[in-house]
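Colleague: attaching a predicted model along with its sequence, questions to come.
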Amino acid sequence: MPNPSAAAFAALSLLFAAVPARHTPPDLRVVEYAIPRAGNFPHDPAVGPDGIVWYTDQHNSYIGRLDPTTGRITDYPTPTPRSGPHGIIVAPGGAVWYTAQRAGRLGRLDPATGRITEFPLPAAVRNPHTPLFNGGKIWFTDADNSAYGRLDPATGRVDVFRTPTPNAVPYGITNASNGAIWIAMLGTNKLGRVDPTSGTMQEYPLPDPGARPRRLAVDRYGTIWYTDFARGYLGALDPASGRVQEWKSPSDKAGPYGIAVGPDGRIWYDEAATNLMVAFDPVRERMDTLRIPSAPCIVRNIAVDFRRGRIWLAESGVGRLGLIDAAASPAR
């Protein structure tokens with residue numbers, strides 16, 4: 001992996017593709033599951049190998065469980081009241097991990113028993129945002145403190161790291177196939193590559209100073225895809241060459257937010273301001289759009305069930321979970 005300087009990045013060419021025509025695939029729709037608890041606010045979804053969908057109810061401080069086969073929803077209160085669970089993942093061993101953003105804790109839920117164990121965090125990362133499993137550790141961002149950290153569940157040890165750029169607002173976090181960790185920094189025009197051994201971050205400035213990457217995903221080729229929330233673009237960074245490409249989202253003032261690589265090989269993201277899901281085919285550079293029935297849904301994060309070809313949405317604005325069956329979707 002090269003280590004280009006900021007000056008070198010400034011000289012990189014930025015390629016803008018023409019805005020693709022908007023299409024609506026006839027074989028795709030969003031199926032919604034209403035969450036029964038009053039005042040619910042599903043922030044993030046996660047899906048396990050068994051197809052069970054987990055989500056955080058941030059306002060009510062519950063961890064929710066949806067069985068898509070029966071439609072049954074079960075929720076579990078967090079041990080600390082008003083903890084504000086935010087991000088959520090299912091680790092390879094099946095444990096469900098979440099960030100208790102308002103309580104400065106990470107939580108681990110045992111799916112077999114429903115028991116939740118909490119891990120207090122130091123004051124330097126008191127607002128944990130999005131979690132990630134990497135090498136047996138739970139990594140997480142703290143958007144409020146321009147920090148990120150890792151927890152060793154075996155010992156309870158927490159290591160804290162600061163972003164090289166102050167007020168960077170580290171937000172979305174994801175793994176790359178080579179073991180590296182990538183973080184989108186919403187407070188600046190940068191993506192960060194983290195070495196999971198040392199915890200150090202290498203910054204990759206994006207060419208437009210007004211870019212504000214919110215969430216990101218990595219495809220099988222190692223390309224880093226990100227949503228530029230402020231400018232309304234979908235972006236792609238090739239870490240090997242430093243090349244950045246961008247495509248304008250179909251709508252004006254779109255507010256691209258959650259993003260994932262779909263089972264069909266397309267890049268799926270939502271326009272938070274329009275109630276549209278966008279599926280981008282990187283080969284044909286074509287964008288398909290799909291309207292979410294309930295509005296304003298505001299999909300803050302997306303989870304993918306590759307085994308079943310499903311895309312799951314947390315629709316925080318309307319208190320629902322959304323399902324897109326992408327198994328029959330046009331593949332790359």
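Modeller: Perfect, I can see it now.
Colleague: which residues does the strand or helix carrying residue 226 contact?
Modeller: Using DSSP states H and E, residue 226 maps to strand 224-228. Contact with strand 224-228 is made by 172, 176, 182, 184, 191, 206, 211-219, 234-239, 246, 256-259, 261, 267, 269, as judged by Cβ atoms under 8 Å, 6 or more residues apart in numbering. (Glycine included, C-beta is placed from N, CA and C.)
Colleague: can I get it in CSV? Just the C-alpha atoms.
Modeller: Taking Å, rounded to 0.1, in the frame of the first residue of the first chain, the C-alpha atoms of strand 224-228 are listed here in CSV:
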residue,chain,number,x,y,z
ILE,A,224,-13.6,2.3,-1.2
TRP,A,225,-17.1,3.5,-1.9
TYR,A,226,-18.5,6.4,0.1
THR,A,227,-21.5,8.7,0.3
ASP,A,228,-20.7,12.4,0.1
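Colleague: buried stuff in that strand?
Modeller: Within strand 224-228, the residues that qualify as buried are 224-228, counting by 16 or more other Cβ atoms under 10 Å.
Colleague: out of the contacts of strand 224-228, which end up buried?
Modeller: Among the contacts of strand 224-228, those buried by neighbour count (16+ other Cβ under 10 Å) are 172, 176, 182, 184, 191, 206, 211-219, 234-237, 239, 246, 256-259, 261, 267, 269.
Colleague: pretty sure residue 82 is touching residue 61, no?
Modeller: Yes: applying Cβ atoms under 8 Å as the test, residue 82 and residue 61 come out as touching, 5.6 Å apart.
Colleague: more neighbours, those two?
Modeller: In this view residue 82 and residue 61 are compared by other Cβ atoms under 10 Å, and residue 61 has more residues nearby, 20 against 11.
Colleague: contacts only, for the more buried one.
Modeller: Residue 61 neighbours (Cβ under 8 Å, 6+ apart): 77-78, 80-85.
Colleague: which two among those are spaced furthest apart?
Modeller: 77 and 84 (12.7 Å; Cβ to Cβ).
Colleague: with neighbour numbers in mind, choose between those two.
Modeller: Between residue 77 and residue 84, counted using other Cβ under 10 Å, residue 84 has the larger neighbour count: 21 against 14.
Colleague: got a list of what the spatially closest residue to that one that is not a sequence neighbour touches?
Modeller: Distance criterion Cβ to Cβ, 6 or more residues apart in numbering; nearest residue to residue 84, sequence neighbours excluded, is residue 102 at 3.3 Å. By Cβ under 8 Å, 6+ apart, the contact set of residue 102 is 82-84, 127.
Colleague: which residue packs closest to residue 313, ignoring adjacent ones?
Modeller: Spatial nearest neighbour of residue 313, excluding adjacent residues (Cβ to Cβ, 6+ apart): residue 322 at 3.5 Å.
Colleague: tell me which element that neighbour is part of?
Modeller: Counting by DSSP H and E, residue 322 is found in strand 320-325.
Colleague: show me the contact partners of that strand.
Modeller: Contact with strand 320-325 is made by 28-35, 42, 45, 53, 55, 66, 68, 268, 277, 290, 292, 294, 297, 299, 309-315, as judged by Cβ under 8 Å, 6+ apart.
Colleague: from these, list the buried ones, please.
Modeller: Among the contacts of strand 320-325, those classed as buried by 16+ other Cβ under 10 Å are 28-30, 32-33, 35, 42, 45, 53, 55, 66, 68, 268, 277, 290, 292, 297, 299, 309-315.
Colleague: strands of the stretch 151-300 of the chain, start to end?
Modeller: Here the stretch 151-300 of the chain has its strands, by DSSP state E, counting those that start in this stretch, at 158-162, 170-175, 181-185, 190-194, 201-205, 213-218, 224-228, 233-237, 244-248, 256-261, 267-271, 276-281, 286-291, 299-305.
Colleague: nearest to residue 98, out of the ones you listed?
Modeller: For the strands of the stretch 151-300 of the chain, the distance to residue 98 is smallest for strand 299-305, at 12.1 Å, taking Cβ to Cβ.
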